[in-house]
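quick one, structure for this:
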Amino acid sequence: MSLDAQYFADLYATSDDPWAFRTRWYERRKRELVLASLPQQCYRRIFEPACANGELSILLAERCATLLCQDIDATAVSLARERLATATHVQVEQGRLPGDWPGGQFDLIVLSEIGYYLDPTDWLQVIEQSVASLSHDGGLLACHWRHPIVGCPQDGREVHELIARHLPLYPVLRHEEADFLLEYWSCQPSVVDLDETCP
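All right, here's what the predicted structure looks like:
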């Protein structure tokens with residue numbers, strides 16, 4: 001079973017930064033690696049579910065024409081909206097995957113630190129929804145902590161194994177460390193962006 005909303009509500013009840021995204025060097029460095037892994041300078045439309053308090057979102061906002069952020073927790077949504085208040089091209093919504101998958105096409109979908117909160121059935125649906133929502137030259141980035149998390153139905157290794165088995169895209173990048181795994185896949189075999197201007 002995927003974790004329910006109360007799990008995240010309990011985390012945000014005691015902190016507005018329950019994973020220490022703002023203060024831990026590990027998290028800051030990982031965000032910088034995520035951004036460095038994006039082969040395009042600018043994307044037309046990005047979807048970032050599980051945006052939490054918006055620390056990665058504010059950086060993704062600099063790399064796109066429009067950004068849709070989503071989180072299951074109302075407090076996280078409020079914090080992300082506050083963090084992104086000056087970014088008028090960003091929208092932050094409350095929603096739970098896989099049921100609240102947004103409409104439209106995306107040039108980039110960022111699945112960061114989300115997969116292990118979903119059971120394999122729900123995670124597989126997210127993978128399928130991602131593929132169906134990517135533009136013809138779109139990309140998918142996934143980044144997850146590799147160690148087991150108490151109470152979660154999967155660990156990062158299992159999350160990425162499911163992606164590898166069911167994602168019919170071209171692998172572009174794989175960055176593996178002792179603590180996390182970062183991968184990028186593309187709908188096209190070449191991801192060289194000859195037009196470096198933002199749409």
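
C-alpha from now on. contacts and neighbour counts both.
Noted.

next, the buried residues of whichever strand in the chain runs longest.
Assignment by DSSP state E gives strand 134-145 as the longest strand of the chain. Neighbour counts over strand 134-145 (16 or more other CA atoms under 10 Å) mark 134-135, 138-145 as buried.

chain center to that strand, what's the gap?
8 Å (CA atoms, centre = their mean, to the nearest Å).

got a list of contacts for the very next helix or strand once past that strand?
Using DSSP states H and E, the helix or strand that directly follows strand 134-145 along the chain is helix 156-166. Outside of helix 156-166, the residues within contact range by CA atoms under 8 Å, 6 or more residues apart in numbering are 115-116, 120, 123-124, 127-128, 142, 144-148, 180-181.

kindly report the same for stretch 95-111.
Taking CA under 8 Å, 6+ apart as the rule, stretch 95-111 contacts 43-50, 70-73, 122-123, 125-126, 129-130, 133-135, 137-143.

how about it as CSV, C-alpha atoms only?
The C-alpha trace of stretch 95-111 is given here as CSV (Å, rounded to 0.1, in the frame of the first residue of the first chain):
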residue,chain,number,x,y,z
GLY,A,95,-2.5,16.3,-5.5
ARG,A,96,-1.8,12.7,-4.9
LEU,A,97,-0.2,10.4,-7.5
PRO,A,98,-1.1,8.4,-9.4
GLY,A,99,-4.7,9.6,-9.2
ASP,A,100,-4.2,13.3,-9.7
TRP,A,101,-1.9,13.2,-12.7
PRO,A,102,-2.1,16.5,-14.6
GLY,A,103,-3.2,16.8,-18.2
GLY,A,104,-1.2,18.0,-21.1
GLN,A,105,2.3,17.3,-22.3
PHE,A,106,5.6,17.9,-20.6
ASP,A,107,9.2,18.3,-21.9
LEU,A,108,10.6,17.2,-18.6
ILE,A,109,9.2,15.2,-15.7
VAL,A,110,11.2,15.2,-12.5
LEU,A,111,10.5,12.2,-10.2
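
may I ask which two of the buried residues of strand 134-145 are separated the most?
Pairwise distances across the buried residues of strand 134-145 (CA to CA) peak at 27.5 Å, for the pair 135 and 145.

buried sites along the helix or strand bottoming out on mean pLDDT in the chain?
Within the chain, no helix or strand scores below helix 5-14, which has a mean of 87 by mean pLDDT, DSSP states H and E. Using 16+ other CA under 10 Å as the burial criterion, the residues of helix 5-14 that qualify are 8, 12.

which other helices and strands does it contact?
Here helix 5-14 touches helix 74-83, going by 3 or more CA pairs under 8 Å, 6 or more residues apart in numbering; DSSP states H and E.

following element in sequence after the helix it packs on, please.
strand 90-94.

and residue 111, bridged to which residues?
residue 142 (DSSP bridges).

thanks a lot, see you next time.
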